[in-house]
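Q: fold the following.
(2 chains)
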Amino acid sequence: MNFIEELRWRGMVHNLVPGTEEMLAKGMATGYIGFDPTAPSLGIGNLVTIMMLVHFQRCGHKPLALVGGATGMVGDPSGKASERPILSLEELRFNQEKARAQLEHFLDFDCGENSAEMVNNYDWFSQFSLLDFLRDVGKHITVNYMQAKDSVKTRMDTGISYTEFTYQLIQGYDYYHLHKEYGCQLQMGGSDQWGNITTGTELIRRLGGGEAFAVTTPLLTKADGSKFGKSESGNVWLDPKMTTPYAFYQFWLNAGDEEVVKSIKIFSTKTREEIESMIVDHEANPGARILQKALAEEITVRVHGEAALKRAQTASSLMFSKNPEDLNEVSFEDLQEILKGVPSGKVDASALEAGIPILDFLVETGAFPSKSEARRMIQQGGLKINLAAWDSFDAQINHSNLFDGKLIWIKKGKKHDHIVYLQ
RNA sequence: GGGGAGAUACCAAAGCGGCCAACUGGGGCAGACUGUAAAUCUGCUGUCUCUGACUUCGUAGGUUCGAAUCCUGCUCUCCCCA
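A: Predicted coordinates:
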């Protein structure tokens, strides 16, 4: 499989160094992408470049996943309007380990000669003295050249620290190092990385290392132009503790019709024929959400596993169920698992014994900030208790409203939930 | 240093003595339609003991039967000239 051809039909080529295709055609090549451990988990935003590596490996090449222990300490100015805060060493170390573990889900580290490898630039930078760096690296790149990069240029007015200014040299040296030590001839990344990558190829050339190539992928945006990878509740992470598998699954399921066509090409490892035929079906009947379902399924399995997918699917059908009877199908334990991550409150057994007026109950348990809002929700017909519509202001909540004697599930409209546990 | 303009609910922006809990737009929320979408439509969007009451219009006072609207001090913001 021709890697560049593969990226092209998937809509993943933004820019490439001339000659890249010819180089790759010669046989197995080694390529790398760097991930900066600036958050305690990789997010969906990182997934696009992860997929580049995945496709790269599937095309028979050898991927290197670089965890940026060193670059993370410096801070990449690309696409950032202002200086970034410095993370502590402990945070960075913790994040690096997380990133490493997550990447292992995607790449095959044991498949013979094109097995993936994980490298950490902290390993070669921690021993690199400033003086050596200045003499061996800094000497070869002019400030004029560095200044011309967009990432630097846009910051010249507002200010950029020496540290972030130097970032491109650090990343550039990474490429040189991998080129020398691993025979790495290709660096991939998001289009915002173009400047940093070309500093690397330039450095390799000047240091007499010969030719090095690069491909970047367009930054994925949503139809409304907003940044990909965020849901209304914030960033979507790969770590199940930070984004539950259910929320993760829902994120993909909710992709827009236009967006999902772009997404499936990037994130699915299905063949071109399969994907294209699915797209045809999808366009004939977008209401069936064929692509959304397929995509959500495939990615959730890869990140969280088969069992987590099944739970997410069960949870999805219950969360959007219109039939209160469906509750009878699940156990307390199931429900607790499904509702994990939903905001919750507590209610006193003795108070419940006596019965609590609905409005008081809704406010006291934290479901609503004021009785007015709670009243409004009921008025508008958005309130459901244990999936059953609730339309009275003065009815009371008591033991009979408990599910399995243990909790009360409050639905506020279609998409907001609140759980009250018996105390 | 001199002169001017302004501070209104999540944001923007009307109101300039009673009909103002405050026009309008955005946002948010709910409902309808649908596909757990988009677009569209409708309603809601200070609090409460909710067809009524109470507390809000930078802040502290004052005038008045009555103020977001008039007066005074204070704080902050913006603009122009030096």
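Q: longest single helix anywhere in chain A?
A: helix A:162-182 (DSSP state H).
Q: not counting sequence-adjacent ones, nearest residue to residue A:145?
A: residue A:202 (7.3 Å; Cβ to Cβ, 6 or more residues apart in numbering). C-beta here means a position set from N, CA and C on the backbone, and glycine is covered the same way.
Q: run the chain-centre distance for the helix or strand harbouring that neighbour.
A: Assigned by DSSP states H and E, residue A:202 falls within helix A:194-206. The chain centroid and the centroid of helix A:194-206 are separated by 27 Å, computed with Cα atoms, centre = their mean, to the nearest Å.
Q: which positions in that helix come out as buried?
A: A:194, A:195, A:196, A:197, A:198, A:199, A:200, A:201, A:202, A:203, A:204 (16 or more other Cβ atoms under 10 Å).
Q: skipping adjacent residues, who's closest to the fifth one in space?
A: The reference is to residue A:198. residue A:214 (6.8 Å).
Q: which strands border the helix or strand where the one you found lies, and is each parallel or antiparallel?
A: Residue A:214 is part of strand A:213-217 when elements are defined by DSSP H and E. Here strand A:213-217 has these sheet partners by DSSP bridges: strand A:15-16 (antiparallel), strand A:184-190 (parallel).
Q: kindly export it (C-alpha atoms) in PDB.
A: C-alpha atoms of strand A:213-217 as PDB (Å, rounded to 0.1, in the frame of the first residue of the first chain):
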ATOM      1  CA  PHE A 213      11.100  14.300   4.400                       C
ATOM      2  CA  ALA A 214       7.900  15.400   5.900                       C
ATOM      3  CA  VAL A 215       4.100  15.200   5.600                       C
ATOM      4  CA  THR A 216       1.600  17.200   7.500                       C
ATOM      5  CA  THR A 217      -2.100  16.700   7.900                       C
END
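Q: so which elements touch the helix or strand hosting residue A:91?
A: Element membership of residue A:91 [criterion: DSSP H and E] is helix A:89-103. Helix A:89-103 sits against strand A:62-67, helix A:71-74, strand A:117-120, with contacts defined as 3 or more Cβ pairs under 8 Å, 6 or more residues apart in numbering; DSSP states H and E.
Q: pick out the shakiest of these, pLDDT-wise.
A: Per-stretch averages of pLDDT across the helices and strands packed on helix A:89-103 put helix A:71-74 at the bottom, with a mean of 82.
Q: where does the residue lying closest to residue A:343 once chain neighbours are set aside land in three-state SS?
A: Nearest non-adjacent residue to residue A:343, counting by Cβ to Cβ, 6+ apart: residue A:418, 5.5 Å away. Of the three states, residue A:418 takes strand under DSSP: H, G, I helix; E, B strand; the rest coil.
Q: does residue A:418 touch residue A:367 like I think?
A: Yes - using Cβ atoms under 8 Å, residue A:418 makes contact with residue A:367 at a distance of 4.0 Å.
Q: between these two, which is the more surrounded one?
A: Under the criterion of other Cβ atoms under 10 Å, the comparison of residue A:418 against residue A:367 puts residue A:367 first, with 24 against 19.
Q: wait, a helix at that one?
A: No - Residue A:367 sits outside any helix when classified using three-state DSSP, being coil.
Q: if we look at RNA strand B, which of the buried residues of helix A:194-206 are close to it?
A: For RNA strand B, no contacts are drawn from the buried residues of helix A:194-206 by Cβ under 7 Å from any atom of the strand.
Q: which of those residues lies closest to RNA strand B?
A: Of all these, the one with the least separation from RNA strand B (Cβ to the nearest atom of the strand) is residue A:194, at 31.8 Å.
Q: quick one: contacts for that closest one?
A: By Cβ atoms under 8 Å, 6 or more residues apart in numbering, the residues touching residue A:194 are A:14, A:15, A:214, A:216.
Q: contacts only, for the first one.
A: By Cβ under 8 Å, 6+ apart, residue A:14 lies in contact with A:191, A:194, A:216, A:217, A:218.
Q: related to what we said a few turns ago, mutual contacts of residue A:418 and residue A:367, please.
A: Common neighbours of residue A:418 and residue A:367 (Cβ under 8 Å, 6+ apart) are A:345, A:410, A:412.
Q: can I get those in CSV including distance to residue A:395, secondary structure and pLDDT?
A: Shown next, in CSV, are these (distance: Cβ to Cβ, whole Å; DSSP: H, G, I helix; E, B strand; the rest coil; pLDDT from 0 to 100):
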residue, distance to residue A:395, secondary structure, pLDDT
A:345, 19, strand, 91
A:410, 14, strand, 94
A:412, 17, strand, 93
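Q: which of those has the most neighbours?
A: residue A:410 (28 neighbours).
Q: among the helices and strands packed on helix A:89-103, which is nearest RNA strand B?
A: That would be, of the helices and strands packed on helix A:89-103 and by Cβ to the nearest atom of the strand, strand A:62-67, which comes in at 31.8 Å.
Q: how close does the residue nearest the centre of chain A get to residue A:220?
A: Centroid-nearest residue in chain A, with Cα atoms, centre = their mean: residue A:44, separated by 1.3 Å. Per Cβ to Cβ, to the nearest Å, residue A:44 is found 9 Å from residue A:220.
Q: in chain A, what helix or strand scores lowest on average pLDDT?
A: strand A:230-231 (a mean of 66; mean pLDDT, DSSP states H and E).
Q: anything in whatever helix or strand comes next after that strand near RNA strand B?
A: Next along the chain after strand A:230-231, taking DSSP H and E as the criterion, comes strand A:234-235. No - shown here: strand A:234-235 not in contact with RNA strand B (Cβ under 7 Å from any atom of the strand), separated by at least 13.2 Å.
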